[in-house]
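>>> Provided below are the primary sequence and the corresponding predicted coordinates.
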Amino acid sequence: MRSTLVDHLVILPILLPLAVGAAMLLFDERRRVLKATLSITTLLALLAIAVTLAVFANAVPETDISSIIVYPLGSWPPPFGIVLVSDRLSAMMLVLTAVLGCSAMTYALARWHKAGPRFHTLFLLLIAGLNGAFLTGDLFNLFVFFEVLLAASYGLVLHGSGTARVKAGLHYIPINLVASSLFLVGVSLIYGVTGTLNMADLARLIPALGDQSRTLVEAGAAVLGVAFLVKAGMWPLSFWLPTTYAAACAPVAAMFAIMTKVGVYVILRLALLCFGEDAGASADFGITWLYYGGMATLAFGGIGVLASQSMSRLAGYSVLASSGTLLAAIGTSNSAVISGALFYLASSTFALSAFFLLIELIERGRDAGADVLAVTMEVFGDAEDDAEEEEEEIGIAIPATTAILGGAFVACTVLLAGLPPLSGFIAKFAMLSALINEAGAIPFAHWAFVVLLVGTGLASLIAMTRTGIRSLWVPAEGTLPPVRAVELIPVGALLFLCVAMTAVGGPAMRYMEATAQVLHWPSEYASDVLGTSTTRSMRPATTP
Amino acid sequence: MEMVLAIGIGIFAGSGVWLLLRPRTYQVIVGLALLSYAVNLFIFSMGRLRVDSPPILKPGSVGDAALIADPIPQALVLTAIVIGFAMTALFLVVLLAARGRTGTDHVDGRES
């Protein structure tokens, strides 16, 4: 069995950034070295913890199918107290968050963390909220962590100030406040009918509900689903997303690449846990909506990518295409497709995060208002920023900057379009082959998904190539962007992780397959969390 | 009592949504406040409406579920009020910043 020490690791991804973030408020803003050291140390520690949890989640003891770590806070037994649950999916999301956090923070240390007050505290609070949302096994606790991460994100969107950011915040904040209201309505409706907020307990109760209660629970779940879909950016709830992501400063946008994935994560977890195959009359509730909504998002993202004039908006629409793919894949409720989608989730999060960081580096060298990028340039063309930039140019200038930036841009293009040889291809291939190799005749709806998936890949290839030619191949001003090594390292590291995911594609894919398989066995999750008698012997322990 | 509460929540939510869709920032924030009142009342009502039944057990006695109110929605609503209040305050600051930066109180930052 596990040592209890590992069990206590589960609380650290929430506690550590919260405590360090709060403690940093005590120091003066000018003590930047201290703050930077504290942030980076915390984030590296979080990465180590997340990897440890993932290793433990993946280590399958002989008797266990899933090695879920359940951590009852204050030792209150699960249906009554609040639990934290770390399984393969949570651990994977924790690793993604920590990696993105490390790279975005490293990037920010070059200049962005000086652009406004309390950047480090807000950043660590965002990480704490994200980790909490991934770990919690309780619906209301999920709401609290959502609010923590949203509150931090409101501050971060405005980081660096400027009219464009304030305008974007003016749309971003109310839409999320309304989504939070919907979240509360959904949660309280579900509580009012079932009398529980624990996700595992809910999964146990839903199959046995009466007709009247079932309608109410499904209504509650639908309201809750809308709140998550706003976060995930499903069309038509996604119009705020490209503007906000384009306005946010580079390290913040890079961190936001995982924010839409929080919505996707919660939907994946709740849809399969509460409305999976075992849910009786509620089985597959809402799954068709996810499927067609996801495809609509995918199409919208593809069209948006082709239509965008600036690189930041291009990246924003790529985020939409990515979450559309994930939602539609969840909508198939086919475990092989979902395992491909999980691989895609990891790969596209890294690629988008790297792309957001790269955009700022490429656009930095351009003259404000020189071309169609004028709108975006307004963000970076502030008098305030210019002064700071000149001050910062003393850093190590990289020769052949354009070559490095161009190489990174090509890697991003290959990843986002899903071309071989990088991990984006493996992910899309896994999804496509699972869709096509289903037993029996392939339904028309699946063909539509296949066509959309390939079509969006082509659309992003065209759009990225066009943008690449315009901004890298044809140098508009002939001036090299002033780039420091510390800003290239995180981009390189994220892209390297995608290469690594390709190189160890086998083990990575097996992890995703095991994750997707366990997600389809909600009763095991429920019995693990609630500590009741297991029904494991009923399930064959075969691999998918 | 249920009917009065239901109508009250309906009026709050309806006015909130209407104000939320208005073009002026001040109307939006008042709309958000009304919407959060509606949601808070809704959460409260999910514990069922009871008069004269505190959510407290008498010392040394076994409680009767029919006589005590459900304490969980009350705890939830308290949390929701605190969070909602903080978010409204934060949004107010953004509104003021937008008013100062753009010189207009239109939600898009420009009159259209």
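Perfect, I can see it now.
>>> residues in contact with the residue in chain B that chain A sits nearest to?
Closest residue of chain B to chain A, CB to the nearest CB: B:Met46 (3.4 Å). Backbone N, C-alpha and C define where each C-beta goes, glycine included. The contact partners of B:Met46, by CB atoms under 8 Å, 6 or more residues apart in numbering or on different chains, come to A:Ser188, A:Leu189, A:Tyr191, A:Gly192, B:Pro73.
>>> so the closest residue to the last one other than its chain neighbours, which of the three states?
Using CB to CB, 6 or more residues apart in numbering or on different chains and skipping residues adjacent in sequence, the residue nearest B:Pro73 is B:Gly47, 3.5 Å away. Assigned state for B:Gly47: coil (three-state reduction, DSSP: H, G, I helix; E, B strand; the rest coil).
>>> and whatever residue of chain A ends up closest to chain B, how far is that from A:Gly505?
Per CB to the nearest CB, A:Gly192 is where chain A lies closest to chain B, at 3.4 Å. Noted for A:Gly192: a distance of 47 Å to A:Gly505, by CB to CB, to the nearest Å.
>>> more neighbours, those two?
For A:Gly192 versus A:Gly505, neighbours defined as other CB atoms under 10 Å in any protein chain shown are more numerous around A:Gly192 (20 against 16).
>>> Show the subsequent helix or strand relative to the helix or strand containing the more buried one.
Secondary structure assignment for A:Gly192, by DSSP states H and E: helix A:163-194. For helix A:163-194, the following helix or strand on the C-terminal side (DSSP H and E) is helix A:199-205.
>>> any residue of the helix or strand just after that following helix up close to chain B?
Going down the chain from helix A:199-205, the next helix or strand is helix A:211-232, by DSSP H and E. No. With CB under 8 Å from any CB of the partner chain as the criterion, chain B is not reached by helix A:211-232; the gap is at least 9.7 Å.
>>> phi, psi of A:Leu422?
Backbone torsions of A:Leu422, given as degrees, to the nearest 10, read phi -90, psi -180.
>>> burial measure for it, as a count.
With other CB under 10 Å as criterion, A:Leu422 counts 23.
>>> if we can go back for a sec, what's the distance between the residue nearest to B:Pro73 and A:Leu139?
16 Å.
>>> Please give me every residue in contact with the nearest residue to A:Ile442 once chain neighbours are set aside.
Counting by CB to CB, 6+ apart, A:Ile436 is the residue found nearest to A:Ile442 once chain neighbours are left out, at 6.4 Å. Going by CB under 8 Å, 6+ apart, A:Ile436 touches A:Ile442, A:His446, A:Val450.
>>> quick one: the longest helix along chain B to helix A:163-194, angle?
As assigned by DSSP state H, the longest helix anywhere in chain B is helix B:71-102. Inter-element angle recorded for helix B:71-102 and helix A:163-194: 170 degrees (by axes from the mean of the first three to the mean of the last three CA atoms, to 10 degrees).
>>> Can you tell me which helices and strands helix B:71-102 packs against?
Applying 3 or more CB pairs under 8 Å, 6 or more residues apart in numbering or on different chains; DSSP states H and E, one finds that helix B:71-102 contacts helix A:139-157, helix A:163-194, helix B:25-45.
>>> now that helix against helix B:25-45, angle please.
Inter-element angle recorded for helix B:71-102 and helix B:25-45: 170 degrees (by the same axes, to 10 degrees).
>>> May I see the buried residues of helix B:71-102?
B:72-73, B:76-77, B:80, B:83-84, B:87, B:90-91, B:94-95, B:97-99, B:101-102 (16 or more other CB atoms under 10 Å in any protein chain shown).
>>> again, but for stretch A:510-519
By neighbour count on 16+ other CB under 10 Å, the buried set for stretch A:510-519 is A:Tyr511, A:Met512, A:Glu513, A:Ala514, A:Thr515, A:Ala516, A:Gln517, A:Val518, A:Leu519.
>>> Double-check the first one against A:Asn58; I have them as touching.
Right, A:Tyr511. Yes. Shown here, A:Tyr511 and A:Asn58 form a contact pair, counting by CB atoms under 8 Å, at 5.9 Å.
>>> quick one: common contacting residues for those two?
Residues touching both A:Tyr511 and A:Asn58 (CB under 8 Å, 6+ apart) are A:Arg88.
>>> my guess is A:Gly301 is in a helix, correct?
Yes. Judged by three-state DSSP, A:Gly301 forms part of a helix.
>>> one step back: count of residues packed around the residue nearest to B:Pro73?
21.
>>> What of B:Gly103?
10.
>>> Could you measure from B:Val39 over to A:Gly457?
B:Val39 is 41 Å from A:Gly457, by CB to CB.
>>> isn't B:Ala86 right up against A:Leu150?
No. Between B:Ala86 and A:Leu150 there is no contact under CB under 8 Å: 10.9 Å.
>>> Low-confidence regions, chain A specifically.
A:1-4, A:60-67, A:365-400, A:475-481, A:532-544 (pLDDT under 70).
>>> helix or strand for A:Val454, which one?
Going by DSSP H and E, A:Val454 is in helix A:444-468.
>>> just checking, next helix/strand downstream of that helix?
helix A:485-503.
>>> Who are the packing partners of the helix or strand following that following helix?
Downstream of helix A:485-503, the first helix or strand assigned by DSSP H and E is helix A:505-519. Counting contacts by 3+ CB pairs under 8 Å, 6+ apart, helix A:505-519 packs against helix A:88-108, helix A:259-274, helix A:335-364, helix A:423-436.
>>> Tell me the helices and strands packed up against the first one.
Read it as helix A:88-108. By 3+ CB pairs under 8 Å, 6+ apart, helix A:88-108 packs against helix A:32-58, helix A:119-135, helix A:250-256, helix A:259-274, helix A:335-364, helix A:485-503, helix A:505-519.
>>> what's the spacing between the host helix or strand of A:His8 and its chain's center?
Assigned by DSSP H and E, A:His8 belongs to helix A:4-9. Taking the mean of its C-alpha atoms, helix A:4-9 sits 26 Å from the chain's own mean (CA atoms, centre = their mean, to the nearest Å).
>>> Pull out the buried residues from it.
Buried, per 16+ other CB under 10 Å, within helix A:4-9: A:Asp7, A:Leu9.
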